[in-house]
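Q: Any chance you could fold what I've pasted below:
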Amino acid sequence: MAYTTINKSTDYFNTKLYTGNGSAGNSITGVGFQSDWTWIKDRDNVRNHVLTDAVRGVTKNIFSNTTGTESTDTSTLTAFNSDGFTLGNGTKVNGNSINFASWNWKANGQGSSNTDGSINTTYTSVNTTAGFSICQYTGTGSNATIGHGLGAVPKMIITKALGATNSWGIYHASLGNNKYLYLDSTQAALSATAMWNDTTPTSSVFSVGTSGASNASGAMIAYCFAEKTGYSKIGSYTGNGNADGSFIYTGFKPAWLLIKRSDASTERWVILDSKRDTFNVSNKAVYADDSQAENPSTSEQGLDILSNGFKIRNSNTKTNTSGATYIYMAFAEAPLVGSNNVPCTAR
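A: Sure thing, here's the model as predicted:
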């Protein structure tokens, strides 16, 4: 029997590495689909993460490591193409001879308004197969609900006010509906009704309170993720403080991992992927909350990417303090067993 309906994970998520050329019109191909959300990071230099999506439109950027407002910059990502994207001549995304990582997710173009919640979205772009949607809405500063379109309960939601210098709000199912994190900060999980209105998302809407991180007056963007067996996993684990660390079962070989200690206010949001590290131990991290260059330190965030999950291979506090709680989100390079019943192998 088929393990998952997603046989080819790279139809919905893919990491594309490239080297900038400093020239406008640089076409990056090999993504494998037309991305609707592209997240770019300069690997060589201290420089902001640049996030662009098809809902807000090309040249409109937000930055995961800052509280800054949306900016329009025609020297950044200028087009989403059928197999990648086109770049301007800006150093943030296309500096000459600079190495970049791009992470790409497929939704459904700009989408259309969703009227399921008390706030009608301007646009909701949805890929129900992959459990991913992008929602743009106008915040009110009062308790409200927003339609996400997934037809399944999201387990992670990332929100950002586009016109206000507010932090990025994070809902993660393992923390519950009364707690939240900030993507741009090392801050531990905090408790407040104001963020998610103490209400768990449903298969049609998510709830927001009065916080500027989830419901500032004005334009907001939300990235919503539901788990899909064999393709995505959103969960938590407990560290053991040992280089022979915990094994975390995902049901697939991870292509991309986002990990954050949630019970302490000192640890960064670690991003690892299987393209920058092609063999174990995987350790070339960038941090979603920080502009620093890639940090290839096995002792800080080394782990093994396996056919059915990942295993921590360090005793560092970023990913493995004894007794500490870590949340994560993972996307697949390949399912453990695809719809063609071909098993995935470790690397």
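Q: looking at the protein, which helix or strand does the model trust least?
A: helix 298-301 (a mean of 89; mean pLDDT, DSSP states H and E).
Q: Give me the helices and strands touching whichever helix or strand comes after it, please.
A: Of the helices and strands lying after helix 298-301 in sequence (DSSP states H and E), the nearest is strand 303-306. Packed against strand 303-306 by the contact rule (3 or more Cβ pairs under 8 Å, 6 or more residues apart in numbering; DSSP states H and E) you find strand 252-261, strand 309-312. Placement of C-beta: from N, CA and C, glycine included.
Q: Test my guess that residue 301 contacts residue 319.
A: Yes - in terms of Cβ atoms under 8 Å, residue 301 counts as a neighbour of residue 319; the distance is 5.3 Å.
Q: tell me, what's touching these two both at once?
A: Common neighbours of residue 301 and residue 319 (criterion: Cβ atoms under 8 Å, 6 or more residues apart in numbering): 259, 270.
Q: Compare the two (neighbour count), which wins?
A: More neighbours surround residue 319 than the other of residue 301 and residue 319, with 30 against 27 (other Cβ atoms under 10 Å).
Q: Just the element for that one, please.
A: If you go by DSSP H and E, residue 319 is not part of any helix or strand.
Q: how about it, what does it touch?
A: Going by Cβ under 8 Å, 6+ apart, residue 319 touches 239, 245, 259, 261, 270, 300, 301, 303, 312, 326.
Q: How much space separates it from residue 115?
A: As defined by Cβ to Cβ, to the nearest Å, residue 319 lies at a distance of 41 Å from residue 115.
Q: and if you look at residue 209?
A: Separation of residue 209 from residue 115 (Cβ to Cβ) stands at 21 Å.
Q: Tell me the spatial nearest neighbour of residue 117, not counting adjacent residues.
A: If you skip the residues right next to it in sequence, residue 117 has residue 145 as its closest partner in space, 3.8 Å away by Cβ to Cβ, 6 or more residues apart in numbering.
Q: next one: residue 157
A: Nearest residue to residue 157, sequence neighbours excluded (Cβ to Cβ, 6+ apart): residue 171, at 4.1 Å.
Q: show me what contacts that neighbour?
A: Shown here is residue 171, whose contacts under the criterion Cβ under 8 Å, 6+ apart are 154, 156, 157, 159, 177, 180, 195, 196, 201, 206.
Q: pretty sure it belongs to a strand, no?
A: Yes - judged by DSSP: H, G, I helix; E, B strand; the rest coil, residue 171 forms part of a strand.
Q: Extract the residue ranges of the stretch 1-150 of the chain that are flagged as low pLDDT.
A: Counting by pLDDT under 70, the stretch 1-150 of the chain contains low-confidence residues at 1-4.
Q: what ranges do the helices span in it?
A: When secondary structure is read from DSSP state H, counting those that start in this stretch, the stretch 1-150 of the chain shows helices at 91-94.
Q: swap in the stretch 201-347 of the chain?
A: Here the stretch 201-347 of the chain has its helices, by DSSP H, counting those that start in this stretch, at 212-215, 298-301.
Q: Export the helices and strands packed on strand 303-306 to a markdown table and append columns for mean neighbour count.
A: Below are the helices and strands packed on strand 303-306 laid out as a markdown table (neighbours: other Cβ atoms under 10 Å):
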| stretch | mean neighbour count |
| --- | --- |
| strand 252-261 | 25 |
| strand 309-312 | 22 |
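Q: possible to save the ones you listed as JSON lines with distance to residue 46?
A: Listed next are the helices and strands packed on strand 303-306 as JSON lines, based on distance: least, Cβ to Cβ, whole Å:
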{"stretch": "strand 252-261", "distance to residue 46": "20"}
{"stretch": "strand 309-312", "distance to residue 46": "27"}
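Q: To residue 292, which of those strands lies closest?
A: Across these, residue 292 has its closest neighbour in strand 252-261 (16.2 Å, Cβ to Cβ).
Q: For residue 173, which residues are in contact?
A: Remark: with contacts taken as Cβ under 8 Å, 6+ apart, residue 173 is in contact with 153, 155, 156, 200, 234.
Q: For beta bridges, what are the partners of the third one?
A: Partner residues in beta bridges with residue 156, using DSSP bridges, are residue 172, residue 225.
Q: Tell me who's in contact with the nearest residue to residue 63 once chain neighbours are set aside.
A: Sequence neighbours aside, residue 48 is the residue nearest to residue 63 in space, at 4.3 Å (criterion: Cβ to Cβ, 6+ apart). For residue 48, the contacting residues are 63, 65, 66, 92, 291, by Cβ under 8 Å, 6+ apart.
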